[in-house]
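Student: After the sequence you'll find the predicted model.
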Amino acid sequence: MNESVSPASLKLSIRNRTLDLSTPKVMGILNVTPDSFSDGGRFNGVELALKHVDQMVDEGADLIDIGGESTRPGSDPVTEQQELDRVLPVLEQAVSAHPDILFSVDTTKYTVAEQALKGGAHLINDISGLQKEPRLAGLCAEYEAGYILMHSQGNPKVMQDNPTYDDVVNDLYLFFREKISFARQEGLRNIIIDPGFCFGKTLAHNLELLRNIDAFQDLKCPLMAGASRKSMIGQMLDNRPVDERLIGTVAVHYHALMSGANILRVHDVKEACDSVQIFKAVTSS
C-alpha cells in the first residue's frame, strides 16, 4: 500500500469547478451549532456565521465546511428541520458572497444534503462514510458534487465507548476500499477520504493512523486530515484544554502533509495556510 496517488486523481471536477489538489488546500470549519466541542455557539446565527466566513476567506481558506449538527463525543442528534434551518440560510448567502470558494456541508442526512446541493454546496462531508445513508453516493453523483468519505466507528453519542479494531490501519483501508467501490458503482467520481481522527478511536489508534497515513495513498483518492483541536492533541499535551491546542494541531497536520495529505480541515485557517506555505517552500524542487 505504498504507491503514490496519480496526479490525474488530484484534480477533481466538482460542479463545473476544478479542485486542484496537486498542492495542499485548507478547509475552514464553520459550526452553526450551539454545542460543538470547540466553538459551539460562537457562530450560531446567520450574521455571525457570515462574518466568520469572510474572515476565513480573507485568511486564505480554499474550501469551507458548514455543519449544523454537533458530532462531538457524547452529542445528541438534531432533527432534519433543525439542521436545515441552521445551515441553508448561511450556505446560500455565503455561496453568493464568495463565488471563488468551494463550500461543503457536513451532514449524514439525505434531505439536508439534497437541499444543500440545491442551495449551491459543492461537496457533502459525510462523517458516517455511507454507513448511515448509502444514497448519498448516488445523490452526489447526480449533482456531480464532491463527496468526503470519512471513517467513524459508532455514532457520536457512543463512539468513544471502548472502540476496538483488529488492525486499525488495515481495517480502515478495507473499509475505504469497500465504500469507494460501492460509490463508484453509483456513479460517484469525486471522492475524498478522511480517516476520521477521534471518531471511534483511542489515542493509540489515532497515533497509529497518523504514523501510517500514507498507507491510504494507493486508494487513488485525495486525503483529508482533520485533527484540529481534537482530544488526541490534548492527550498528547498532558490534557491541554481545547483553546490551547493550536500549536499541537499545526504539528499534527504538518506531519500529515509530509505523509501525503491533500486537505487540512481546520478551525484556525491563517495558521494552517502558513504551514501549507512553508510545506510548499520546503518540498518544491
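Tutor: Received it, and whenever you're ready, just let me know what you need.
Student: C-alpha only now, for contacts and for neighbours.
Tutor: OK.
Student: which stretches of this protein form strands?
Tutor: Along the chain, counting by DSSP state E, strands occupy 11-14, 17-20, 25-31, 63-67, 102-106, 123-126, 146-150, 191-194, 224-225, 263-266.
Student: could you dump these to JSON lines with distance to Gln217, mean pLDDT and mean neighbour count?
Tutor: Putting the strands of the chain into JSON lines (distance: least, C-alpha to C-alpha, whole Å; pLDDT from 0 to 100; neighbours: other C-alpha atoms under 10 Å) gives the following:
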{"stretch": "strand 11-14", "distance to Gln217": "15", "mean pLDDT": "95", "mean neighbour count": "18"}
{"stretch": "strand 17-20", "distance to Gln217": "17", "mean pLDDT": "96", "mean neighbour count": "14"}
{"stretch": "strand 25-31", "distance to Gln217": "17", "mean pLDDT": "97", "mean neighbour count": "26"}
{"stretch": "strand 63-67", "distance to Gln217": "22", "mean pLDDT": "97", "mean neighbour count": "24"}
{"stretch": "strand 102-106", "distance to Gln217": "23", "mean pLDDT": "98", "mean neighbour count": "26"}
{"stretch": "strand 123-126", "distance to Gln217": "19", "mean pLDDT": "98", "mean neighbour count": "26"}
{"stretch": "strand 146-150", "distance to Gln217": "14", "mean pLDDT": "98", "mean neighbour count": "26"}
{"stretch": "strand 191-194", "distance to Gln217": "10", "mean pLDDT": "98", "mean neighbour count": "25"}
{"stretch": "strand 224-225", "distance to Gln217": "11", "mean pLDDT": "98", "mean neighbour count": "26"}
{"stretch": "strand 263-266", "distance to Gln217": "13", "mean pLDDT": "98", "mean neighbour count": "26"}
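Student: Can you tell me which of these is nearest to His52?
Tutor: Counting by C-alpha to C-alpha, His52 lies closest to strand 25-31 out of the strands of the chain; the figure is 7.6 Å.
Student: Which residue comes closest to Gln153 once chain neighbours are left out?
Tutor: Spatially, and ignoring its direct neighbours in sequence, Gln153 is nearest to Gly200 (4.6 Å; C-alpha to C-alpha, 6 or more residues apart in numbering).
Student: Can you report phi and psi for that neighbour?
Tutor: Its backbone dihedrals place Gly200 at phi 70, psi 40, with angles given as degrees, to the nearest 10.
Student: just Gly119 next, same as before
Tutor: Per-residue torsions, Gly119: phi -80, psi 0 (degrees, to the nearest 10).
Student: you'd agree it is up against Leu88?
Tutor: Yes: between Gly119 and Leu88 there is a contact under C-alpha atoms under 8 Å: 7.0 Å.
Student: what about these two, which has more around it?
Tutor: Taking other C-alpha atoms under 10 Å, Gly119 and Leu88 do not tie; Leu88 has more neighbours (23 against 17).
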